[in-house]
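# Sequence first, predicted coordinates after that:
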Amino acid sequence: RPPRSTLFPYTTLFRSELINEQNNQGLPDFEGYSPTEMQYILYDTFGENSPIEFLSLTVSEYQKIPILNQVKYLLKLVEKHSELKLTTKGFLPTKIVADIYNQKFIEDEMIESGISKLYKETDSKSINLTRILLELSGLVKKRNNKLSLTKKGKSVIKDNYTLLMNIFITFGTKFNWAYYDGYGQNSIGQLGFGYPLILLNKYGREKRLDKFYADKYFKAFPKLIESIEPSQFQTKAVKAVRCFSIRTFDRFLNYFGLINIDKEKEWDADKYISKTKIFDKLIKVRPHTFGYTSYRK
């Protein structure tokens with residue numbers, strides 16, 4: 001029998017190979033993807049080893065992406081003014097806000113119905129978000145309460161592909177998704193923001209309830225349900241589904257023109273989600289591959 005000291009390296013190697021095999025094995029909870037692939041989906045969403053790829057579009061197709069066109073419009077306004085003076089609280093001036101909203105890139109349901117009025121930047125979540133994305137992505141800088149284009153902003157203002165990817169990744173990784181809602185400071189929706197793209201690629205041709213996607217998301221990330229506080233009328237699970245739906249669909253993928261939302265006007269009506277034609281043009285998803293490999297050529 002060989003001494004233990006000579007067996008140890010082989011035992012260690014065997015364990016390492018076993019761990020690698022387990023990490024590369026597709027799992028049902030991850031829609032067939034492996035833990036290794038999920039790491040790339042989570043932390044390098046559009047990297048060369050991720051199964052998700054961001055594609056280039058035609059000029060007319062870029063024009064169908066609401067938030068991109070709103071971002072470009074504000075960038076051009078900043079460029080036109082050289083330095084765009086903000087209000088004393090650091091928001092866009094009311095005339096600029098009205099100008100942007102009148103372009104109808106993204107309409108606000110409350111404003112369109114007459115329930116609320118548009119006076120200032122924060123009256124429109126999408127306009128407020130647009131300014132925030134410009135700052136977080138480094139496309140503009142704020143000095144002496146004035147906005148001006150950065151070198152980066154000037155270089156991408158006419159580059160739709162780079163600009164869109166920039167604001168998409170900024171939205172997913174730098175903007176706080178809990179900013180506009182009352183669901184608490186948690187990572188629901190934002191953690192693994194690329195995972196719903198995989199789900200929509202697979203299931204999005206048909207209209208499906210938002211809960212269908214939420215259930216699959218929480219199957220992959222079950223601990224996130226515990227991060228939300230229950231309310232008097234909603235359990236943690238029910239509240240978590242609604243939180244995921246609003247953040248992922250209403251305030252993310254819909255702004256990027258990647259989904260259709262079908263819902264009656266009642267606040268508690270069922271919400272049905274399907275992917276748009278632009279989704280298939282912009283997002284490419286590759287199936288699970290066993291072992292470490294680059295998805296790109």
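Perfect, I can see it now.

# what's the helix or strand for the residue positioned nearest the centre of the chain?
Centroid check for the chain by CA atoms, centre = their mean gives Gly172 as the closest residue, at 4.3 Å. Gly172 belongs to helix 160-173 when assigned by DSSP states H and E.

# which other helices and strands contact that helix?
On a contact count with 3 or more CB pairs under 8 Å, 6 or more residues apart in numbering; DSSP states H and E, helix 160-173 meets helix 59-62, helix 66-81, helix 125-136, helix 151-156. Any C-beta I mention is one placed from the backbone N, CA and C, and that applies to glycine too.

# Most tightly packed of those helices?
Comparing these on average neighbours per residue, with mean count of other CB atoms under 10 Å, the densest one is helix 125-136 at a mean of 20.

# Mean pLDDT per helix and strand in this structure: which one sits at the bottom?
Ranking every helix and strand in the chain by mean pLDDT, DSSP states H and E puts helix 4-23 at the bottom, with a mean of 54.

# re the thing from before, roughly how far apart are the residue nearest to the centre of the chain and Phe193?
Noted for Gly172: a distance of 4 Å to Phe193, by CB to CB, to the nearest Å.

# Spit out the residues that contact those two alike.
Thr45 (CB atoms under 8 Å, 6 or more residues apart in numbering).

# Can you list the low-confidence ranges for the chain?
By pLDDT under 70, the weakly predicted segments of the chain are 1-21, 267, 290-297.

# Gly47 falls within a strand, correct?
No - secondary structure of Gly47 (DSSP: H, G, I helix; E, B strand; the rest coil): coil, not part of a strand.

# Which residue is the nearest non-sequential neighbour of it?
What sits nearest to Gly47 in space, not counting adjacent residues and going by CB to CB, 6 or more residues apart in numbering, is Tyr40, at 6.0 Å.

# Show me where the protein has its helices.
4-23, 35-43, 59-62, 66-81, 94-102, 109-112, 125-136, 151-156, 160-173, 195-203, 210-220, 236-245, 277-282 (DSSP state H).
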